[in-house]
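Asker: A structural model of the following input is requested.
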Amino acid sequence: MADADIRNDIYVLALENAVKHKAVPRAGAILGSVMGAHPELRSKAKEINALIPEILEEVAALSIEEREEKLMSLNPGAIEKMHEKKERSHELPDLPNAESGVVMRFAPNPSGPLHLGHARASVLNDYYVKKYGGKFYYRVEDTDPKRVDPSAYEMVSEDLAWLGIGITDVVYQSDRFAIYYEYARKLLELGGAYMCTCDNNEFREKKLKKIACPCREISVEENLKRFDDMLAGKYAEGEITLRVKTDIAHPDPAVRDFAAMRVLTSTPHPRKPAIFVYPLMNFSVAVDDHLLGMTHVIRGKDHIANTRRQEYIYNYFGWKMPYFYHYGRMSIAGLELSTSGMRKGINEGLYTGWDDIHLGTLRALARRGIQPEAVRAATIDIGMGDTDISFSWENLFAQNKAVIDAGADRYFFVPDAVEVEIAGAPKTEAHAPVYPNQPERGERVLPFTGRVLLPKSEMEKGGMLRLKDLFNINITGPNSAEYAGDSLAEARSQKAAIVQWLPTETAAPCSLLTPEGIQEGFSEPAVLGYLGRIVQFERVGFSKIDAVNDGKVIAYFTHR
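Answerer: Predicted coordinates:
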């Protein structure tokens, strides 16, 4: 093998390692890779080891995007293999006790739009319905008017459609009050519940002491009379509660004689304003899961206590329980997820709306350019384990990049730009590809007439810079530089940063909104024509063009 071929192989291996791990590799790791790929070169290990530091310096001088572009041109198969491995990981284990024709559900409160936590529940259930076939219910759990935002009915439906969830049936619990009253009456007749008129605080104290409420012993006839009086409006809010008889000494106080129905008059229901007797979640959920024929219920382990409560209802009626699976909690750092917290922030002007990029809603992710396929893939990668985990933004961004990269044209964005006059440089123009290694997609032509816009942070470093796709300059002052030739090899030997730049005459003002703040700068004018699309700003990252106002670009940073 010729020395030039050896050097090229080392360079490609170093690029592969850097792209895969998003960091410049250690020399020892590259030497091991070379020896593993070419055992016949072991006799030249000393010479090869001497080459590696120089090659790693070249790789280190490239941005993340430039490394990928280089690797794509030298060994496109390596990138494809990385993507194949990611694709193979997007699978879940077989669902226990599953048969063809499963029935499952996604059942949120309509209190606001969906966020990443909701995505996990909806995607996991949707995955298995698509795998085994059957029905997937979107059940709107709107039996607590205090937790209903009327606009959320439409928002949740839009979010599910964006996420690609295959809903087959939609059920509104607020359309089923008569059903809940019917089964509440049956439960009273079975002796599995009682109508409690005790003060709620007194009941709570007794429950914690494992002392039964006196109402627990009243007759079925008296319970039914109280129930009818409740439906007739003879009790005010807080005066009566239907409770399910459980074990008053149960180890979990939350399970002891839990509430199943109550009077609520202080908040009218937006869909059913005449209703004032409401079932609580555990009762309506148990009734609906049975009547709708749920075979499997997949939800977070914060519902384990609810499963224990619902089991009592199933046992009283002699119903077969669905298969329950509880996955671990998922913490998501860096974003507001609480619906009440988000609404408060919106009302106070802290956030611009439900799609503010500081929020964890699906519509906020979509506004940034995150694709539904990426959310699904990242969610499936997380899986259904019962161990608590932290959500991986890195994985989501990697999945998203695999979706958007091929369609994202490349352009320059210069943040915090300074105008620089370059002395001694010939008038010329740069020819840059719209997309690397695909000349059929066209090229960008950037004229140079003596003045350019450069990132202030790069100018402050001093020394030599390589203007990408143009030439080298030596910085001579805050707003001045001199031409330093065209040699890319010279720039690399000087460890010059390769920076993006723009002609002063044609640059378009651009605001790049990121979770950390707004970066003001300039972009290539062609970006004005990319409204609603994603581009990659070289050396910055992928960005979605959100608006164009009077010749100014408003872009949302997606990720690197």
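Asker: quick one: contacts of stretch 284-292?
Answerer: 103, 105, 107, 137, 139, 141, 143, 171, 173, 176, 179-180, 183, 279, 297, 306, 310, 313-314, 317, 319, 322 (CB atoms under 8 Å, 6 or more residues apart in numbering). (C-beta placed from N, C-alpha, C; glycine too.)
Asker: what about those, which are in strands?
Answerer: 103, 105, 137, 139, 171, 279, 297 (DSSP state E).
Asker: residue 220 versus the fifth one, what's the distance?
Answerer: Counting by CB to CB, to the nearest Å, the separation of residue 171 from residue 220 is 31 Å.
Asker: of these two, which one has the most company?
Answerer: residue 171 (17 against 13; other CB atoms under 10 Å).
Asker: model confidence for that one, exactly?
Answerer: pLDDT recorded at residue 171 is 99.
Asker: cool, the one 5 residues further on as well?
Answerer: pLDDT recorded at residue 176 is 99.
Asker: OK, contacts around it?
Answerer: Contacts of residue 176 by CB under 8 Å, 6+ apart are 284, 288.
Asker: tell me which residues in the helix ranked longest in the chain are buried?
Answerer: For the chain, the helix that runs over the most residues, judged by DSSP state H, is helix 3-21. Judged by neighbour count (16 or more other CB atoms under 10 Å), helix 3-21 contains these buried residues: 6, 9, 10, 11, 12, 13, 14, 15, 16, 17, 18, 19.
Asker: which secondary structure elements does it contact?
Answerer: helix 27-37, helix 45-60, helix 64-74, helix 76-88 (3 or more CB pairs under 8 Å, 6 or more residues apart in numbering; DSSP states H and E).
Asker: mean confidence score for the longest one?
Answerer: Here helix 45-60 scores 86 as its mean pLDDT.
Asker: tell me the angle it makes with helix 64-74.
Answerer: 130 degrees (axes from the mean of the first three to the mean of the last three CA atoms, to 10 degrees).
Asker: please point out which parts of helix 45-60 sit buried.
Answerer: Using 16+ other CB under 10 Å as the test for burial, helix 45-60 gives 48, 51, 52, 55, 56, 58, 59.
Asker: quick one: the last one from residue 139, how far?
Answerer: Distance of residue 59 to residue 139, given as CB to CB: 53 Å.
Asker: likewise the second one?
Answerer: In this view, residue 51 and residue 139 are 63 Å apart by CB to CB.
Asker: for the stretch 151-300 of the chain, which segments count as strands?
Answerer: 169-172, 193-196, 241-244, 259-263, 277-279, 296-300 (DSSP state E, counting those that start in this stretch).
Asker: ok so, going back, turn the helices and strands packed on helix 3-21 into a markdown table, columns for distance to residue 151.
Answerer: Listed next are these as a markdown table, based on distance: least, CB to CB, whole Å:
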| stretch | distance to residue 151 |
| --- | --- |
| helix 27-37 | 53 |
| helix 45-60 | 50 |
| helix 64-74 | 40 |
| helix 76-88 | 36 |
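Asker: out of those helices, which gets nearest to residue 540?
Answerer: helix 64-74 (8.8 Å; CB to CB).
Asker: hmm, who's touching that closest one?
Answerer: 8, 11-12, 15-16, 18-19, 22, 59, 62, 78-79, 410, 436-437, 498, 536, 538-539, 560.
Asker: try it again with 6 Å
Answerer: Helix 64-74 is contacted from outside by 12, 15, 18, 19, 78, 79, 436, 437, 538, 560, using CB atoms under 6 Å, 6 or more residues apart in numbering.
Asker: for these, which one is nearest residue 333?
Answerer: residue 560 (17.4 Å).
Asker: contacting residues for the closest one?
Answerer: By CB under 6 Å, 6+ apart, residue 560 lies in contact with 64, 541.
Asker: per-residue pLDDT, it?
Answerer: Reading off the model, residue 560 has pLDDT 95.
Asker: also residue 1?
Answerer: The model reports residue 1 with a pLDDT of 58.
Asker: just for the stretch 101-250 of the chain, where's the confidence low?
Answerer: Applying pLDDT under 70 to the stretch 101-250 of the chain flags no residue at all.
Asker: can you map out the helices along it?
Answerer: Using DSSP state H, counting those that start in this stretch, the helices of the stretch 101-250 of the chain run over 116-132, 152-163, 177-189, 200-208, 220-231.
Asker: could the buried residues of helix 45-60 go into JSON lines alongside distance to residue 330?
Answerer: Formatted as JSON lines, the buried residues of helix 45-60 follow (distance: CB to CB, whole Å):
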{"residue": "48", "distance to residue 330": "45"}
{"residue": "51", "distance to residue 330": "46"}
{"residue": "52", "distance to residue 330": "41"}
{"residue": "55", "distance to residue 330": "41"}
{"residue": "56", "distance to residue 330": "37"}
{"residue": "58", "distance to residue 330": "40"}
{"residue": "59", "distance to residue 330": "35"}
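Asker: how is this protein carved up into domains?
Answerer: Residue ranges for each domain of the chain read 3-88, 102-173+328-403, 176-279, as given by automatic domain parsing.
Asker: can you list the ones you listed in CSV and add distance to residue 446?
Answerer: Shown next, in CSV, are those (distance: least, CB to CB, whole Å):
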stretch, distance to residue 446
domain 3-88, 17
domain 102-173+328-403, 25
domain 176-279, 56
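Asker: which stretch among those is buried most, on average?
Answerer: domain 102-173+328-403 (a mean of 18; mean count of other CB atoms under 10 Å).
Asker: which SS class is the residue nearest to residue 470 when sequence neighbours are not counted?
Answerer: Of all residues not flanking residue 470 in the chain, residue 430 sits nearest, at 4.5 Å (CB to CB, 6 or more residues apart in numbering). Three-state assignment for residue 430 (DSSP: H, G, I helix; E, B strand; the rest coil): strand.
Asker: in the sheet, who's paired with residue 430?
Answerer: Beta bridges link residue 430 to residue 446, judged by DSSP bridges.
Asker: wait, doesn't it sit right on residue 471?
Answerer: No. Assessed by CB atoms under 6 Å, residue 430 is found out of contact with residue 471, at 8.7 Å.
Asker: between these two, which contacts overlap?
Answerer: With CB under 6 Å, 6+ apart, residue 430 and residue 471 have no common neighbours.
Asker: before we move on, the earlier item: now for the residue nearest to residue 470, how many residues are close by?
Answerer: 18.
Asker: please name the residues that touch it.
Answerer: 446, 469, 470.
Asker: any idea how far it lies from residue 193?
Answerer: Residue 430 is 78 Å from residue 193, by CB to CB.
Asker: please apply the same query to residue 227.
Answerer: 9 Å.
Asker: what of residue 331?
Answerer: From residue 331 to residue 193 the distance is 37 Å (CB to CB).
Asker: still on that earlier bit, quick check: which of the helices and strands packed on helix 3-21 is nearest to residue 532?
Answerer: Across those (criterion: CB to CB), the nearest stretch is helix 64-74, sitting at 22.3 Å.
Asker: output that closest one as PDB, nothing but the C-alphas.
Answerer: C-alpha atoms of helix 64-74 as PDB (Å, rounded to 0.1, in the frame of the first residue of the first chain):
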ATOM      1  CA  ILE A  64     -18.900  19.000  12.800                       C
ATOM      2  CA  GLU A  65     -20.700  19.700   9.500                       C
ATOM      3  CA  GLU A  66     -17.400  19.800   7.500                       C
ATOM      4  CA  ARG A  67     -16.300  16.500   8.900                       C
ATOM      5  CA  GLU A  68     -19.500  14.900   7.800                       C
ATOM      6  CA  GLU A  69     -19.200  16.500   4.300                       C
ATOM      7  CA  LYS A  70     -15.700  15.200   4.000                       C
ATOM      8  CA  LEU A  71     -16.600  11.700   5.100                       C
ATOM      9  CA  MET A  72     -19.600  11.700   2.700                       C
ATOM     10  CA  SER A  73     -17.300  12.500  -0.200                       C
ATOM     11  CA  LEU A  74     -14.600  10.000   0.800                       C
END
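Asker: pipe the ones in strands among the contacts of stretch 284-292 into a markdown table and attach distance to residue 338 per row.
Answerer: Below are the ones in strands among the contacts of stretch 284-292 laid out as a markdown table (distance: CB to CB, whole Å):
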| residue | distance to residue 338 |
| --- | --- |
| 103 | 31 |
| 105 | 24 |
| 137 | 26 |
| 139 | 22 |
| 171 | 26 |
| 279 | 25 |
| 297 | 24 |
